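1. Quick one, structure for this:
(chains A, B and C)
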Amino acid sequence: MPKTLSLPQVYSILRNHQGPQHWWPGETPDEIIIGAILTQNVAWKNVVKALDNLHSAGIYTLKDLDAFQVEAIAPLIRPTLYYNQKAMKLKTFTNFLRERYQFNLHRMFSEELQTLRSEMLKLKGLGPETVDSILLYAGSKPVFVIDAYTIRLLTRLGFTDKKMNYSQWQKFITERIPQDIALYNDFHAQIVCLCKDICRNKPRCENCPLTSYCTYYLKNKENPVASS
DNA sequence: GTCCAGGGCCTAC
DNA sequence: GTAGGCCATGGA
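-> Numbers count the residues shown, from 1 in each chain, chains lettered A, B, ... in the order given. Down below sits the predicted model:
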């Protein structure tokens, strides 16, 4: 049986192993928001290419983006998959930001948190993960981001074997760690940093500081045939 | 050639 | 409420 860990211990191990991450990988709140939409179901390196294309076209902010039509944006963000849909999602958000806040992100983030979150969730193309990423990383709001990496890691560590939806996962985690924006920020960053390189379907467990706690690893070690 | 990435929407049960 | 199809590039 694997040893059991608390969530704060998981964070502590990851941070000691990887160092503080200083996330999100974006220069400005505008770029964080654009990146949050573009990274939906795609690796970040593809997003970097799309951001380069946008920069080459003179687009750095959401206000810049607002001046372009969907048809002009789509080819610039081709590397991020589903580019037609994502071009529309970006325009949906710039419309929202222009009409409600005249492109003033500070004003937007001054809204009451749960009100803003539910308003953003009404926008077509922004689901809970994208909205929470924007709130936490662009707005410094105390919202824990759940993504596929988080679920994969915590499931493999044996925290739960129940199937949970997004809000159930969010509740599960926030009940077990202090409510702290810097912690929310860095914990999620630590998980992504770990999982994007070594916690995949074919795990390279030799570099993982959590291997001895990983039910998935231990099971495959006992029965390698089941690892595929 | 195959597999699958830091989702979310829509439709059908 | 949830399972499954769809969107449709690029790197390993």
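2. okay, CA-based contacts and neighbour counts for the rest of this
-> OK.
3. now the helices for chain A?
-> A:7-18, A:29-38, A:44-56, A:62-66, A:70-73, A:83-101, A:105-109, A:113-121, A:128-133, A:148-156, A:166-174, A:181-197, A:215-222 (DSSP state H).
4. which ones are touching A:N41?
-> For A:N41, the contact set (Cα atoms under 8 Å, 6 or more residues apart in numbering) is empty.
5. one step back: need the helices of chain A in CSV (columns: distance to DNA strand B and mean pLDDT).
-> CSV is the format used below for the helices of chain A (distance: least, Cα to the nearest atom of the strand, whole Å; pLDDT from 0 to 100):
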stretch, distance to DNA strand B, mean pLDDT
helix A:7-18, 15, 96
helix A:29-38, 6, 97
helix A:44-56, 5, 96
helix A:62-66, 18, 98
helix A:70-73, 17, 98
helix A:83-101, 7, 98
helix A:105-109, 18, 98
helix A:113-121, 7, 97
helix A:128-133, 4, 98
helix A:148-156, 5, 92
helix A:166-174, 8, 96
helix A:181-197, 4, 94
helix A:215-222, 15, 76
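6. Of these, which is nearest A:P209?
-> For A:P209, the closest of the helices of chain A is helix A:7-18, at 6.8 Å, according to Cα to Cα.
7. picking up where we left off before, can I get the helices of chain A in JSON lines with mean neighbour count?
-> Listed next are these as JSON lines, based on neighbours: other Cα atoms under 10 Å:
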{"stretch": "helix A:7-18", "mean neighbour count": "16"}
{"stretch": "helix A:29-38", "mean neighbour count": "22"}
{"stretch": "helix A:44-56", "mean neighbour count": "17"}
{"stretch": "helix A:62-66", "mean neighbour count": "19"}
{"stretch": "helix A:70-73", "mean neighbour count": "17"}
{"stretch": "helix A:83-101", "mean neighbour count": "18"}
{"stretch": "helix A:105-109", "mean neighbour count": "15"}
{"stretch": "helix A:113-121", "mean neighbour count": "14"}
{"stretch": "helix A:128-133", "mean neighbour count": "22"}
{"stretch": "helix A:148-156", "mean neighbour count": "18"}
{"stretch": "helix A:166-174", "mean neighbour count": "14"}
{"stretch": "helix A:181-197", "mean neighbour count": "19"}
{"stretch": "helix A:215-222", "mean neighbour count": "15"}
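8. got these as a markdown table, with distance to DNA strand C columns?
-> Shown next, in a markdown table, are the helices of chain A (distance: least, Cα to the nearest atom of the strand, whole Å):
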| stretch | distance to DNA strand C |
| --- | --- |
| helix A:7-18 | 21 |
| helix A:29-38 | 12 |
| helix A:44-56 | 6 |
| helix A:62-66 | 18 |
| helix A:70-73 | 11 |
| helix A:83-101 | 4 |
| helix A:105-109 | 28 |
| helix A:113-121 | 15 |
| helix A:128-133 | 14 |
| helix A:148-156 | 14 |
| helix A:166-174 | 10 |
| helix A:181-197 | 10 |
| helix A:215-222 | 20 |
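9. With distance to A:S140 added, can I get these in CSV?
-> Shown next, in CSV, are the helices of chain A (distance: least, Cα to Cα, whole Å):
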stretch, distance to A:S140
helix A:7-18, 19
helix A:29-38, 10
helix A:44-56, 21
helix A:62-66, 18
helix A:70-73, 28
helix A:83-101, 18
helix A:105-109, 9
helix A:113-121, 11
helix A:128-133, 10
helix A:148-156, 20
helix A:166-174, 16
helix A:181-197, 7
helix A:215-222, 34
